[in-house]
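Participant: what follows is a predicted protein model with its sequence.
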Amino acid sequence: MKRSFWEHVVVGAIILVLIQTVVDDMATLADWPWNVRRVLLYLGFLFDLFFSVEFLVRLYLAYVDGQAKEYFFRGYGWIDLLASIPLLLFNSGPVVYGLLGGGVPVFGMGRSLNLLKTVKVVRVARILRVLRMLKVVRRLKQTDSVMAQRHIGKIVTSVLATCILVFSIGTFLLQSRSGKSFEQMYWEAVESASDTLGKVSSAELNATVQTIARVLPPLLKVKAEGKDLFFRHDSFYLATRFGPYDYFYERRGSVELFFDYRPITRLQAEESLLILTMVLGILLILLFYYAPHFAVTVSDPLFVMLKGFKEPSYNLEVKIPPHLKEDEVFRLAAQYNEEYLPIKQRNLSMGEGKTSDIQWEAVSELFKKG
């Protein structure tokens, strides 16, 4: 009972964390108020913490039972690992640490922490949470058989993991090509503006700031020797729409610059939603198209034959689709229908079937003839 209840809790958490992932990216794209997005960040941290603890507990219990290797590889423990601890350590953990530390901005402290690219890479791992939906699909009717569960699980895991890997490598290669990406142009513009404002004389600083602000929308605020020279938004907008992770800080001599980081996070959110949509689409196709096909063409015929071998009174024939009659499974099913069932029916009519003896010699002959 306890185990069943816990499994339901985990399944519910998996569904909720997928919803949280989508809503988080949508909130970034739609520029929701910071108070709402902050709640989503805390929720993401709680889910990452929950799944990290769950993975460690499962791994410990498997280790105690001598099944650690079995759990990690055949039990999809590696998915549990990738979708929990890295996200906690490199994504939601540092974010919440900064918020609990009085809102100290990790990005706002400048790029000296070098977390920007790390977080971008780790965020892709959130898509691995989709693979944990395998815990849910085991409850689908077409995956009742052990063979179907294992087969569909292998197919889904292999295809989705390949998609995520190809997407990650493809994104890296595209960013490494000779043409400049949006992110590269963004950082070059920011670097150029920072260097220019750091070198310009005090007499020309104000005019230079105004010129750069017109062509560089990410420039939010400029201060020189403690005095404000430029504000792109009023204080109310900044307080309600910007969190500590929506901007970053640069200093060049006595000039302090604040840049809007949201264009980059929006790009990351678009990429995340794109691959999530692709992965969910593939998952739905495999589960609701391929899984029933596998059941009809493989597991269902074997189930009927296995039940016919075991139960004396079970005489149901295997339905053989005409266009699949040359498949090995249905060739075996044809011999089961045409040879084994008549023998079984004759034995039952003679009273021999009451002892539930299976004619294994006849079964062996069926397999030899296939």
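Facilitator: Ah, there it is. Numbers count the residues shown, from 1 in each chain.
Participant: for Tyr261, phi and psi?
Facilitator: phi -90, psi 0 (degrees, to the nearest 10).
Participant: mind checking how far it is from Glu70?
Facilitator: For Tyr261, the distance to Glu70 equals 44 Å [C-beta to C-beta, to the nearest Å]. Yep, even glycine has a C-beta here, placed from its N, CA and C like the rest.
Participant: what's the helix or strand for Glu204?
Facilitator: helix 202-215 (DSSP states H and E).
Participant: which residues are contacting that helix?
Facilitator: Ala193, Thr196, Leu197, Val200, Leu219, Val222, Ala224, Leu229, Phe230, Arg232, Val255 (C-beta atoms under 8 Å, 6 or more residues apart in numbering).
Participant: from those residues, which land in strands?
Facilitator: Judged by DSSP state E, the subset of those located in strands is Leu219, Val222, Ala224, Leu229, Phe230, Val255.
Participant: neighbour-wise, which of those residues leads?
Facilitator: Using other C-beta atoms under 10 Å as the neighbour criterion, Val222 leads the ones in strands among the contacts of helix 202-215 with 24 neighbours.
Participant: which SS state does Phe258 fall under?
Facilitator: strand (DSSP: H, G, I helix; E, B strand; the rest coil).
Participant: tell me which stretches of the stretch 101-250 of the chain form strands.
Facilitator: 219-224, 227-231, 247-252 (DSSP state E, counting those that start in this stretch).
Participant: out of those strands, which is closest to Ile164?
Facilitator: strand 247-252 (28.0 Å; C-beta to C-beta).
Participant: touching, Gln345 and Asn315? I think so.
Facilitator: Yes - under the criterion of C-beta atoms under 8 Å, Gln345 is in contact with Asn315, at a separation of 6.2 Å.
Participant: for the stretch 1-150 of the chain, what spans make up the helices?
Facilitator: Along the stretch 1-150 of the chain, the segments classed as helices by DSSP state H, counting those that start in this stretch run 2-30, 34-64, 68-69, 77-82, 85-87, 93-100, 116-124, 134-137, 146-176.
Participant: can you flag the weakest of the ones you listed by average pLDDT?
Facilitator: Least confident of the helices of the stretch 1-150 of the chain, judged by mean pLDDT, is helix 116-124 with a mean of 52.
Participant: name the nearest residue to Tyr42, sequence neighbours excluded.
Facilitator: Val96 (6.5 Å; C-beta to C-beta, 6 or more residues apart in numbering).
Participant: residues of the helix holding Glu204 that come out buried?
Facilitator: Within helix 202-215, the residues that count as buried by 16 or more other C-beta atoms under 10 Å are Leu205, Thr208, Val209, Ile212, Ala213.
Participant: please apply the same query to stretch 338-349.
Facilitator: Buried residues in stretch 338-349 (16+ other C-beta under 10 Å): Tyr340, Leu341, Lys344, Asn347.
Participant: before we move on, what about stretch 160-173?
Facilitator: So for stretch 160-173, counting by 16+ other C-beta under 10 Å, buried means Leu160, Ala161, Cys163, Ile164, Phe167, Thr171.
Participant: tabulate those in TSV, adding columns for distance to Leu29.
Facilitator: Below are these laid out as TSV (distance: C-beta to C-beta, whole Å):
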residue	distance to Leu29
Leu160	24
Ala161	26
Cys163	22
Ile164	21
Phe167	19
Thr171	18
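Participant: what's the most distant pair in the contacts of helix 202-215?
Facilitator: The largest separation in these, counting by C-beta to C-beta, is between Val200 and Arg232 at 19.2 Å.
Participant: tell me which of the contacts of helix 202-215 is nearest to Gly75?
Facilitator: Leu219 (51.1 Å).
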